[in-house]
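Engineer: This is a predicted model, with the sequence first.
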Amino acid sequence: MAKGAHSKADAVYGALKRAILTGALEPGGLIEKAELCAKFGVSRYPVSAAVSRLAYDQLVDVAPRHGSFVSKISLHDVRERLFIRSALEGEIAAEAARRMTLADKDALAANLAEAEAAVEADDRAAFYASDVAFHQILTSRLAMARAGEVLDGLRVHLERVRRILMAPPGRIRGALAEHRAVVEAIDAGDASAARDAMKRHLGATGDLLETVAHQRPGLFAE
């Protein structure tokens, strides 16, 4: 692929991936290649190359003679990834209660303040960013680089569903309260309570997943 075509394919790929991950393109939706060519001012080849990369990422399904569609969210995969997160992040929260310094706890408090501002503004995008940062603070402040890499990998695959699960009214306020319970246990140095609070937080996400999957089955695949 020529350099110019490669850069055009990268641009289309990046824009499509963001649209899929943020939910602007919903699971099951048709990807209109002709519209993308017109939108980005490119030939069909960069668009096809971008779609092929997204298919490799398991974000797009290509059906010969029918078109390309945004992949539906696999309930099985999401459940498994949430299970792994709960097991790992519960222990990380417990370790945070044992080892976090005052400066580390101040970083968590600052994050809670940002999240609260996002909740009051009903800014789900800002809350999502603070939510990601909240979990990353725990691993980075404890110098758990390998655990952080594992969790970041899980988050990439969970991003679409996590954004969907923040949509129900009151959910981001509930998530903020769950974060606050984790921080309070860490501040108290209570490892058991911190572990339990984190597991309740991620368990609430799992429960909401089942509710949303029942309400909007078209977004999901078993």
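Structural biologist: Looks like it came in fine.

Engineer: from here on, contacts and neighbour counts on C-alpha atoms
Structural biologist: Will do.

Engineer: From D152, how far off is V132?
Structural biologist: To D152, V132 is 9 Å away according to Cα to Cα, to the nearest Å.

Engineer: just M144 next, same as before
Structural biologist: 12 Å.

Engineer: pLDDT at A181, what is it?
Structural biologist: A181 carries a pLDDT value of 98.

Engineer: Correct me if wrong: it contacts A197.
Structural biologist: Yes - counting by Cα atoms under 8 Å, A181 does reach A197; the two are 6.1 Å apart.

Engineer: which one is the residue most central in space within the chain nearest to, not counting chain neighbours?
Structural biologist: With distances taken as Cα atoms, centre = their mean, E159 lies nearest the centre of the chain, 2.3 Å away. If the residues on either side of it in the chain are set aside, E159 comes closest to L21, at 6.2 Å by Cα to Cα, 6 or more residues apart in numbering.

Engineer: Show me which residues of the helix or strand the one you found falls within are buried.
Structural biologist: Secondary structure from DSSP states H and E places L21 in helix 3-22. Under the neighbour-count criterion of 16 or more other Cα atoms under 10 Å, helix 3-22 has A5, K8, A9, D10, A11, V12, Y13, L16, K17, I20, L21, T22 buried.

Engineer: Output that helix as PDB, nothing but the C-alphas.
Structural biologist: Only the C-alpha atoms of helix 3-22 are listed here, as PDB (Å, rounded to 0.1, in the frame of the first residue of the first chain):
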ATOM      1  CA  LYS A   3       2.100   5.900   1.900                       C
ATOM      2  CA  GLY A   4      -0.800   8.100   1.100                       C
ATOM      3  CA  ALA A   5      -3.300   5.300   0.900                       C
ATOM      4  CA  HIS A   6      -1.900   3.900   4.100                       C
ATOM      5  CA  SER A   7      -2.400   7.200   6.000                       C
ATOM      6  CA  LYS A   8      -5.900   7.500   4.600                       C
ATOM      7  CA  ALA A   9      -6.800   3.900   5.700                       C
ATOM      8  CA  ASP A  10      -5.400   4.800   9.200                       C
ATOM      9  CA  ALA A  11      -7.600   7.900   9.400                       C
ATOM     10  CA  VAL A  12     -10.700   5.900   8.400                       C
ATOM     11  CA  TYR A  13      -9.800   3.100  10.700                       C
ATOM     12  CA  GLY A  14      -9.300   5.500  13.700                       C
ATOM     13  CA  ALA A  15     -12.600   7.300  13.000                       C
ATOM     14  CA  LEU A  16     -14.600   4.100  12.600                       C
ATOM     15  CA  LYS A  17     -13.100   2.500  15.700                       C
ATOM     16  CA  ARG A  18     -13.900   5.600  17.800                       C
ATOM     17  CA  ALA A  19     -17.500   5.600  16.500                       C
ATOM     18  CA  ILE A  20     -17.900   1.900  17.300                       C
ATOM     19  CA  LEU A  21     -16.300   2.100  20.800                       C
ATOM     20  CA  THR A  22     -18.300   5.200  21.800                       C
END
